[in-house]
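> Any chance you can model this:
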Amino acid sequence: MSDCYAPRTGGIESQVRDLARAQAAAGDDVHVLTATPGAGGERGGVVQDDDGVAVHRLGTHVPFDLPVNPLAPPHVRALLDDLRPDVVHVHAGVVSPFAFDGARVALDAGAPLAVTWHCMLDGAVPTLGALVRRTRWGSAPIALSAVSAAAAERVHDVFGAPVAVVPNGMDLEGWAPSGEPRRREGPLRCVATMRLAPRKRGGALVGVVEDAVTQLPEGSLRLDVLGDGPRRAAMQRSIDRRGLGDVVTLRGRVPRAQVRAAYDDAEVFVAPAVLEAFGIAALEARTAGLVVVAHRGTGIEEFVTDGVDGVLVDDDAAMARALVGLVREPERLARLREHALEHLPRFDWATTLDAARAEYERARHLVRVDA
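Numbering: from 1, shown residues only. This next block holds a predicted model:
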């Protein structure tokens, strides 16, 4: 169950879809219940086949096709009665009304329930913790997990219960470099892939680049930003106002194949978000052999080690200094890239599927114990 699913784009949408497809390919009977309409506006219970996954479009007519439907619970209940799933896997963010409604219906039906959090709960822990303590959520038989250890720590603070990690997965071979990295000539080539929304801190990224280029000779650094979102116009205005038009280029949304090509032409991936539960774009870049520069305390620490294959920083000023250092110390950049290229991360789909199956078994065990 997930509020968001393809054709919407984003981290949780792509991960839920790819996980479901991987499970179907492994022989599981997978149904996705979502409030996201189909590409042609399909909703109201329409079922679509998505590479072996049965996608139930339970959205309704709301402004902007938002993935919400307060009238969905009866339909979810009827589907659970009909499908009788071995386990219900809810994929949650801070605001996930459809998924949380589905979780309540699953608990009422006595179905084994696993909930994976795809977000950082910073700022919401006190409120959510108080809510959990005052409701049945505090003692409900739920197998709780998150997509990284950093995210799991916050979920544990809310529920006070064991929280496992079900990491995001990806096709490592599809993102691995096809040959030797190109020899660097000219400016340090940087890339950032993100939704241009406040939480991803695109505006802060522009400030980081400005800070870095003021410490370097002209023409030392270039940044391509891949992605689109509501803050794109504001970011472009900031770029123009700071005189960074020759340094930062907003390329908009591009297909995955073009993202892969952009990584072939880059050396450094910059991740400015501080509330990054996992960072699938950073993982893709890391797998492609880029040096990832990111903030400490995020899910990116699952696959980037400071000083070994990337650089982890404490604040934006340190991020600017890290970029300056990579320009001034090409030998260190080469050493970090070499390690990144020779040691792929471990987050392939086999790892993710094993972690998910372990959670499903835990969910079934919790139901038996509760009964």
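> and the spatially closest residue to I142 that is not a sequence neighbour, how many neighbours?
Nearest in space to I142, with sequence neighbours left out and distances taken as Cβ to Cβ, 6 or more residues apart in numbering, is L113 at 5.1 Å. No exception for glycine: its C-beta is placed from N, CA and C like everyone else's. When neighbours are defined as other Cβ atoms under 10 Å, L113 has 27 of them.
> Would you confirm that L113 contacts D86?
No: L113 sits out of contact with D86 when judged by Cβ atoms under 8 Å, with a separation of 11.4 Å.
> Give me the neighbour count for A261.
Using other Cβ under 10 Å, A261 has 12 neighbouring residues.
> looking at this, it is in a strand?
No: assessed by DSSP: H, G, I helix; E, B strand; the rest coil, A261 does not belong to a strand; its assignment is helix.
> State the pLDDT value of it.
On pLDDT, A261 comes in at 88.
> distance of it from P177?
12 Å (Cβ to Cβ, to the nearest Å).
> what does V147 give?
V147 sits 25 Å away from P177, taking Cβ to Cβ as the criterion.
> ok, these two, which is more surrounded?
V147 (29 against 17).
> Tell me who's in contact with the more buried one.
The contact partners of V147, by Cβ atoms under 8 Å, 6 or more residues apart in numbering, come to 15, 116-118, 165-168, 277-278, 299.
> For L333, state which of the residues you listed is nearest.
Nearest to L333 among the contacts of V147: G299, at 24.0 Å, using Cβ to Cβ.
> Just give the number of residues close to the closest one.
For G299, using other Cβ under 10 Å, the count is 29.
> Burial check on the residue nearest to it when sequence neighbours are not counted, number of neighbours?
Setting aside the residues directly before and after it, G299 is nearest to S148 in space (Cβ to Cβ, 6+ apart), at 3.2 Å. S148 has 24 neighbouring residues, counting by other Cβ under 10 Å.
> For the residue nearest to I142, give me the backbone phi and psi.
In this entry, L113 is assigned phi and psi values of phi -130, psi 120 (degrees, to the nearest 10).
> Repeat that for G169.
Per-residue torsions, G169: phi -120, psi 170 (degrees, to the nearest 10).
> That one - nearest residue in space that isn't next to it in sequence?
Once its chain neighbours are removed from consideration, G169 has its nearest residue in T352; the separation is 3.2 Å (Cβ to Cβ, 6+ apart).
> thinking again about what came up before, mind putting the contacts of V147 in CSV, distance to G252 included?
Formatted as CSV, the contacts of V147 follow (distance: Cβ to Cβ, whole Å):
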residue, distance to G252
Q15, 22
T116, 30
W117, 30
H118, 24
V165, 33
V166, 31
P167, 29
N168, 24
A277, 24
F278, 23
G299, 25
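> Just those: which are in helices?
Among the contacts of V147, DSSP state H puts Q15 in helices.
> Could you work out the most separated pair of the contacts of V147?
Going by Cβ to Cβ, the pair spanning those furthest: Q15 and V165, at 13.7 Å.
> more crowded one of the two?
In this comparison of Q15 against V165, neighbours counted by other Cβ under 10 Å, the higher total goes to Q15 at 23 against 18.
> Mind pulling up the pLDDT for the spatially closest residue to A149 that is not a sequence neighbour?
For A149, ignoring the flanking residues on the chain, the nearest one in space by Cβ to Cβ, 6+ apart is V165 at 5.8 Å. Note on V165: pLDDT of 96.
> Strands of this structure, residue ranges please.
31-34, 46-50, 53-57, 88-92, 113-117, 142-146, 163-165, 188-193, 221-226, 248-252, 268-271, 291-295, 310-313 (DSSP state E).
> Need these in TSV (columns: distance to R321).
Shown next, in TSV, are the strands of the chain (distance: least, Cβ to Cβ, whole Å):
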stretch	distance to R321
strand 31-34	43
strand 46-50	45
strand 53-57	45
strand 88-92	36
strand 113-117	32
strand 142-146	31
strand 163-165	31
strand 188-193	14
strand 221-226	13
strand 248-252	18
strand 268-271	13
strand 291-295	10
strand 310-313	8
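> of all those strands, which lies closest to Q236?
Closest approach to Q236 among the strands of the chain is made by strand 248-252 (5.9 Å; Cβ to Cβ).
> quick check, distance from that closest one to the centre of its chain.
Averaging C-alpha coordinates over strand 248-252 and over its chain gives two centres that are 21 Å apart (Cα atoms, centre = their mean, to the nearest Å).
> Next, the angle from it to strand 188-193.
Between the axes of strand 248-252 and strand 188-193, defined by axes from the mean of the first three to the mean of the last three Cα atoms, to 10 degrees, the angle is 40 degrees.
> buried set for the lengthiest helix in the chain?
Ordering each helix of the chain by length in residues (DSSP H) puts helix 349-370 first. Of the residues in helix 349-370, those scored as buried under the neighbour-count criterion (16 or more other Cβ atoms under 10 Å) are 349, 351-353, 355-356, 359-360, 362-364, 366-367.
> again, but for stretch 221-230
Within stretch 221-230, the residues that qualify as buried are 221-229, counting by 16+ other Cβ under 10 Å.
> again, but for stretch 110-121
Using 16+ other Cβ under 10 Å, the residues of stretch 110-121 that count as buried are 111-121.
> of all these, which two lie farthest apart?
Between any two of the buried residues of stretch 110-121, the greatest separation by Cβ to Cβ is 27.7 Å, found for A111 and M120.
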